[in-house]
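**Student:** Pasting the sequence and the predicted coordinates here, then a few questions.
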Amino acid sequence: MTDDATAPDDAPAAAPAPDDAPAPGSAGTAPRRLPVTDVSLVVLIGTSGAGKSTFARRHFLPTQVVSSDFCRGLVADDENDQSASAEAFDLLHYIVGKRLAAGRLTVVDATNVQPEARRQLVALARAHDVLPIAIVLDVPPGVCAERNLSRPDRRMPAHVVPRQHRELRRSLRGLEREGFRKVHVLRGEAEVAAAGIELEKRYNDLRHLTGPFDIVGDIHGCRSELETLLTRLGYHLARDGRGRPVDAVHPGGRTAVFVGDLVDRGPDTPGVLRLVMGMVAAGHALCVPGNHENKLGRAMDGKKVTVSHGLRESLDQLADEPEEFKVEVRAFMRGLVSHYLLDGGALVVCHAGLPERYHGRASGRVRSHALYGETTGETDEYGLPVRYPWAEEYRGRALVVYGHTPVPTASFLNNTICLDTGCVFGGSLTALRYPERELVGVEAEQEWYAPVRPLHGDAPGAREGRPLDLADVAGRRVVETALHGRVAVREENAAAALEVMSRFALDPRLLAYLPPTMAPSPTSRREGYLEHPEEAFLGYRADGVRYLVCEEKHMGSRAVLLVARDGAALERRFGVAGPGAIWTRTGRAFLDDEELTGAVLGRVRSAAERSGLFEELGTDWLLLDAELMPWSLKAVELLRRQYAAVGAAAGAALPEVLSALEQAAARGLDLGALASRQRRRAADARAFTEAYRRYCWPTEGLSGIRLAPFQLLAAEGTNLAVRPHDEHLAWIDRLVAADGTAADGTAADGSAVAGTATDGETTDGKTTADTATPVLHRTGRVLVDLEDEDSTAAATAWWEELTAAGGEGMVVKPLVSPVRTVRGEGRPGGLVQPGVKVRGREYLRIVYGPDYTEHLERLRMRSLGHKRSLALREYALGLEGLDRLAAGEPLWRVHEPVFAVLALESEPVDPRL
């Protein structure tokens, strides 16, 4: 079994000691460290009583050991019931397979002295592309028999141990031929007792290296272009006495990574090798092999190969090099590892691409795929093999960077990118800056080698990412987020989201973000209040937050706006032409009228242009979070069916009730308490009606529409949502100021606009909605220092003033987010709420009903835990989607957390919270 995860391909495996080697004595036995690869299948081999279980307990975690005795007990309630062995080993193989599929070190504790038993285990290791390792405990049969006799639970015929020991001895010389890549033989009790396990990382596991990296595509002997590219990337070249480049170092500590195919076809294969080998030796670069290195290495080793596809050029050029250089080249190519895992597993570099199931694995199959890719078995019209389009189906978390198949331009395809842009064929030499995901290229100086097949635009990596697939969203989902770890989505919630998304939502290519739900502040114990700023301030102080921003909560509905600078901007980035879109928290178009949507977007676009935000942020589009008013613009039917109906019913019934009570009181009946309660109910009903009517007013075209942005979410290549909130509000103020006129009828420069009245009509009665009347509105705010009592008092007074005037309330946020609590010794803790809403007394009548103030004690029993958990999960998903959007990841990767937010919205939670 070929393995390059722990040693180069032709490195000798550990050889077992000969059968007649003397067992070391018990006295003075030197400790022996047995190297075991961290992801492998360890097969313990030894007779019954050899001490395999004791050895496993001493050197491995209990969860890593799968014992045949334990499995026998599971299926038969008796670990010694030999009649259950077949079922027990079926179970053992199943468990082993599941662990190997998950990439776990697994140890099999069974006798394994028979070749058939080992054959099945080696087949399991090969099926999961991990290294099979044999550890043989060769303990004298007399010792094993004595141990078995001392165990009252184990009785076996006297001939069993000698037979097992004979089978063991016959097996020793053939274990490598059976497929074991490493074989460790421990002879005698003393050597077993003195042995230890030394876990080895796989050679391809460089997850501890986090970069930054510059990943360079196929060079094919184009040494001059490589020098130009490295210089453009900022590397300083070092040269030998003859002026040849032998190293390159980046002053910023960046590391170059070469995807292979350094050699063949081009004009200076030795020069490329000299430079790359020098960089690797100095620790300034990493390199994986290409299929051309593999073939050249075999040719230089004297093996029979077909001299084609540029190999002749390399051999001729190397013939003029000194023998010492050729020896170094052969050693270099032999030592190359098929692929590397980098940056915590977030980056995989290989030559021909690698599906996720092969990442970090070690087998001939993995190496073959990394070197050559996978073909369909067909050939094209040029006689070349047709490559299987693995990248179109790739859905892995890691970015896979590769080469091998020339493409006209490098582009991301489902979190993969091919960097072979055909330099030797007259194309270009391309590098990817990571983690920036920025492409840097240099044009070829000439066509050095005529391609058999012209570069064409339908090669892998030259197309846009694949369309969304049902498998991307169906069933139970687990989404990895950088902020909150793994977020699970139940199957039933995913089904509900799929219904909404497929029937009602906008084109998913545009839906880069859905706003998270927001939890209310902790429940207040103040007389007459359900929510109050004091609890919000106390909660954030307990979380270790000092500075807050309190933002006015507008009387509208949450809206997300994607605004394009020009008609082609969205098509360039999102693949959908148009002015942009406005959508709700569930991804539906906010306005049914496309013309009105375009008018609102036009006002935002013009304001962003005049305020210079497009230029400042270096973008042709903006994603904004906002409130669109009035509430009745979106919820008119809800208002009619629910709120207006309640108000109308109370307005019709309660006056009649009060009239009847007054008539009864006039006849001398004592109904004072009942009449007083009904008068309170009538007053509450009037307050309820007044509360919801504040959120409703007529609109005609743009007239009456108000848009209050409060956050810029994203621009090209940037997740803006993680910027401090005072930056966002400053940007928003610039937008508002640039939107024609301010709310007081003055122009952006403060001068009065002639003939403009504050009610939105000109003095001659004509509407000014499309010209002077402002659409964008400022979001009021107060900054709070929680260590300053005057500051918190001022914010509380501001909230009281807002709510007394009929406002909904405010949202309290940490000034800088995201924020984590601080555990002991300064360790980061859990995620802090990104914002809590503190709603006013009168607004809460709309939520809890006209007479909710009579039931405050019961309402204070409300549970906020689920709502707060939901808010954190949706917030983390939202930022994850924006991060992926900024990184230029494919649609399905951006859509994954967005869809998850929508799915979580169907979790059962009190809608009044």
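**Tutor:** Received it, and whenever you're ready, just let me know what you need. Since we're looking at a predicted model, the values are computed, not measured.
**Student:** What's the mean pLDDT across stretch 177-192?
**Tutor:** In this model, stretch 177-192 has an average pLDDT of 93.
**Student:** Next, the buried residues of that stretch.
**Tutor:** 178-192 (16 or more other Cβ atoms under 10 Å). (C-beta placed from N, C-alpha, C; glycine too.)
**Student:** of all the residues you listed, which comes closest to V407?
**Tutor:** Here the nearest of the buried residues of stretch 177-192 to V407, counting by Cβ to Cβ, is R181; it sits at 36.1 Å.
**Student:** what helix or strand is A256 on?
**Tutor:** Using DSSP states H and E, A256 maps to strand 255-258.
**Student:** Any buried residues in that strand, and which?
**Tutor:** Here strand 255-258 shows 255-258 as buried, counting by 16+ other Cβ under 10 Å.
**Student:** partners of that strand, with directions?
**Tutor:** Partners of strand 255-258 in the sheet, by DSSP bridges, are strand 213-216 (parallel), strand 285-287 (parallel).
**Student:** Serialize the ones you listed to CSV and add fields for mean pLDDT, distance to E727 and mean neighbour count.
**Tutor:** Formatted as CSV, these follow (pLDDT from 0 to 100; distance: least, Cβ to Cβ, whole Å; neighbours: other Cβ atoms under 10 Å):
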stretch, mean pLDDT, distance to E727, mean neighbour count
strand 213-216, 98, 30, 25
strand 285-287, 97, 38, 24
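**Student:** nearest to I135, of those?
**Tutor:** Nearest of those (Cβ to Cβ): strand 285-287, 32.2 Å.
**Student:** counting contacts, what elements does the following helix or strand past the closest one pack onto?
**Tutor:** Moving toward the C-terminus from strand 285-287, the next helix or strand (DSSP H and E) is helix 291-300. If you count contacts as 3 or more Cβ pairs under 8 Å, 6 or more residues apart in numbering; DSSP states H and E, helix 291-300 packs onto helix 311-319, helix 323-334, helix 364-372.
**Student:** pLDDT (mean, whole number) over helix 291-300?
**Tutor:** Computed over helix 291-300, the average pLDDT equals 93.
**Student:** CA atoms only: put that helix into CSV for me.
**Tutor:** These are the backbone C-alpha positions of helix 291-300, laid out as CSV (Å, rounded to 0.1, in the frame of the first residue of the first chain):
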residue,chain,number,x,y,z
ASN,A,291,2.4,14.3,-12.6
HIS,A,292,5.4,15.6,-14.6
GLU,A,293,7.7,15.5,-11.6
ASN,A,294,6.5,12.0,-10.9
LYS,A,295,7.3,10.9,-14.5
LEU,A,296,10.6,12.8,-14.6
GLY,A,297,11.7,11.3,-11.3
ARG,A,298,11.1,7.8,-12.5
ALA,A,299,13.0,8.5,-15.7
MET,A,300,15.9,9.8,-13.8
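**Student:** buried stuff in that helix?
**Tutor:** Within helix 291-300, judged by 16+ other Cβ under 10 Å, the buried ones are 291-297, 299-300.
**Student:** which residues does G485 contact?
**Tutor:** With Cβ atoms under 8 Å, 6 or more residues apart in numbering as the criterion, no residue contacts G485.
**Student:** Specify the beta-bridge partners of it.
**Tutor:** Assigned bridge partners for G485, using DSSP bridges, are T481.
**Student:** follow-up on the earlier one: what's the closest of the buried residues of helix 291-300 to T699?
**Tutor:** N291 (65.3 Å).
**Student:** Take the strands paired with strand 255-258 and lay them out in a markdown table including distance to L669.
**Tutor:** Converted to a markdown table, these look like this (distance: least, Cβ to Cβ, whole Å):
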| stretch | distance to L669 |
| --- | --- |
| strand 213-216 | 88 |
| strand 285-287 | 94 |
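**Student:** picking up where we left off before, if you look at the buried residues of stretch 177-192, which of them are in helices?
**Tutor:** If you go by DSSP state H, these have 188-192 in helices.
**Student:** quick one, phi psi at R387?
**Tutor:** phi -80, psi 140 (degrees, to the nearest 10).
**Student:** roughly how far apart are it and V407?
**Tutor:** Distance from R387 to V407, counting by Cβ to Cβ, to the nearest Å: 12 Å.
**Student:** Show me which of the two is the more surrounded one.
**Tutor:** Remark: of R387 and V407, V407 carries more neighbours, 26 against 20, as counted by other Cβ atoms under 10 Å.
**Student:** Could you double-check that that one lies in contact with F425?
**Tutor:** No - using Cβ atoms under 8 Å, V407 is not in contact with F425; the gap is 11.0 Å.
**Student:** Mind giving me the packing neighbours of the helix or strand hosting L885?
**Tutor:** If you go by DSSP H and E, L885 is part of helix 865-886. The helices and strands touching helix 865-886, judged by 3+ Cβ pairs under 8 Å, 6+ apart, are strand 477-481, strand 485-489, strand 519-520, strand 706-715, strand 718-719, strand 828-831, helix 891-904.
**Student:** Apply 7 Å and report the result again.
**Tutor:** Judged by 3 or more Cβ pairs under 7 Å, 6 or more residues apart in numbering; DSSP states H and E, helix 865-886 is in contact with strand 477-481, strand 485-489, strand 519-520, strand 706-715, strand 718-719, helix 891-904.
**Student:** Compute the mean per-residue pLDDT across that helix, please.
**Tutor:** Mean predicted confidence for helix 865-886 is 93.
**Student:** Give me the buried positions along it.
**Tutor:** 867-868, 870-886.
**Student:** For that helix, what is the distance to the chain centroid?
**Tutor:** 12 Å (Cα atoms, centre = their mean, to the nearest Å).
**Student:** quick one: P132 is in a helix?
**Tutor:** No - per DSSP: H, G, I helix; E, B strand; the rest coil, P132 lies outside any helix segment and is strand.
**Student:** which residues touch the closest residue to it other than its chain neighbours?
**Tutor:** Distances taken as Cβ to Cβ, 6 or more residues apart in numbering place A125 nearest to P132, at 3.9 Å, with adjacent residues excluded. A125 makes contact with 41, 100, 131-132, according to Cβ atoms under 7 Å, 6 or more residues apart in numbering.
**Student:** Out of the residues you listed, flag the one nearest to P698.
**Tutor:** L100 (67.2 Å).
**Student:** what about the one helix or strand that closest one maps to, average pLDDT?
**Tutor:** For L100, the enclosing helix or strand under DSSP H and E is helix 85-101. The pLDDT scores in helix 85-101 average 95.
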